[in-house]
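K.L.:
model this:
(one chain, ligands or ions: 1)
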Amino acid sequence: MSIDRDWYSGFRIFRLQILKNMAGKSPELTELQRTSGSWAKVVDEIVRLEKKIFPKHESLARSFDDELKKKNSGLLYLEIDGDIAGYVMYSSASSLCAVITKLAVKEKYRRQGHGEALMKAAIAKCRSKRINRISLHVDPLRSSAVDLYKKLGFQTDTLVRAYYSSDRDACRMFIDFDNE
Ligand SMILES: CC(C)(COP(=O)(O)OP(=O)(O)OC[C@H]1O[C@@H](n2cnc3c(N)ncnc32)[C@H](O)[C@@H]1OP(=O)(O)O)[C@@H](O)C(=O)NCCC(=O)NCCS
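P.N.:
Numbering: from 1, shown residues only. Predicted structure coming up:
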């Protein structure tokens, strides 16, 4: 079986597990495809969330479409009853290393495991490409996100001064995989 088919069968099982876990709701994890008829609607909604959740210096709202057009960029989003509950964006700059560029869950859906599910799906997607390292930047004041990344095995690499703006630093975190 090819790596891609492996990933898709894992993804289907993962989708079924989420469906089973949510009493009465029907969460659905989808990879955004440029060819999809819902591209514009999904991007619009995510840009709206992006503006609401992140301050300007952290927001990709103005460049979301461009970010997604980049080769090797991907976005997974979670829908609950037609409402976009969260999203994770990643890109693989090289065949060895991928970056999680964005993760967010709408406020009313937080603390229900969706952030973790999105991250695990993005990690699985990157691993299916035999990536050795996934890294990300996070504002150390975002303790929920830092705790989530640590829970998933990310380690702190270094503090990058003035990463977001002159007075906002970032922690660089990473997780390594052995693809032998
Ligand atoms: C960070 C974020 C995506 C987490 O999403 P979530 O769906 O609430 O997270 P989950 O329910 O999947 O939680 C998974 C783990 O994350 C950590 N976590 C999440 N929320 C937390 C909180 N309020 N306090 C402490 N730890 C928290 C915990 O380790 C948790 O594991 P546990 O339930 O076993 O304790 C969400 O809070 C968010 O969108 N925040 C604003 C945007 C943001 O900070 N994005 C990251 C930018 S780098």
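
K.L.:
G74 against K125, yeah?
P.N.:
Yes: between G74 and K125 there is a contact under CB atoms under 8 Å: 6.4 Å. Placement of C-beta: from N, CA and C, glycine included.

K.L.:
if I look at those two, which residues touch both of them?
P.N.:
E31, Y90 (CB atoms under 8 Å, 6 or more residues apart in numbering).

K.L.:
Pull up the gap between the residue nearest to the spatial centre of the chain and S166, please.
P.N.:
Most central in the chain under CA atoms, centre = their mean is V88, positioned 2.0 Å from the mean C-alpha point. Between V88 and S166 the distance is 28 Å, computed by CB to CB, to the nearest Å.

K.L.:
And P55, by the same measure?
P.N.:
Taking CB to CB, one finds P55 at 14 Å from S166.

K.L.:
Of these two, which one has the most company?
P.N.:
Applying other CB atoms under 10 Å to P55 and S166 shows that P55 carries more neighbours, namely 11 against 7.

K.L.:
Contact residues of this structure facing the ligand?
P.N.:
53, 103-105, 110-116, 138, 142, 144-145, 147-148, 151 (CB under 6 Å from any ligand atom).

K.L.:
In strands, which of these fall?
P.N.:
Of those, the ones assigned to strands by DSSP state E are L103, A104, V105, V138.

K.L.:
So R161 sits against D169, correct?
P.N.:
Yes: at 5.3 Å, R161 counts as touching D169 under the criterion of CB under 8 Å.

K.L.:
Give me the neighbour count for the residue in the chain positioned nearest to the ligand.
P.N.:
Relative to the ligand, the nearest point of the chain is G115 (2.3 Å; CB to the nearest ligand atom). G115 has 24 neighbours, counted by other CB under 10 Å.

K.L.:
if I look at it, how far off is L159?
P.N.:
23 Å.

K.L.:
Quick check: closest non-adjacent residue to the residue of the chain closest to the ligand.
P.N.:
V105 (4.8 Å; CB to CB, 6 or more residues apart in numbering).

K.L.:
just L103 next, same as before
P.N.:
V88 (4.8 Å).

K.L.:
swap in L148?
P.N.:
G115 (5.5 Å).

K.L.:
Kindly report the same for D178.
P.N.:
N132 is the one closest to D178 (CB to CB, 6+ apart), at 7.9 Å.

K.L.:
I'd say the one you found and F174 touch.
P.N.:
No: N132 is beyond contact range of F174, at 10.1 Å (criterion: CB under 8 Å).

K.L.:
For the ones in strands among the residues of the chain next to the ligand, which two are the farthest from each other?
P.N.:
With distances taken as CB to CB, the most widely separated pair in those is V105 and V138, at 14.4 Å.
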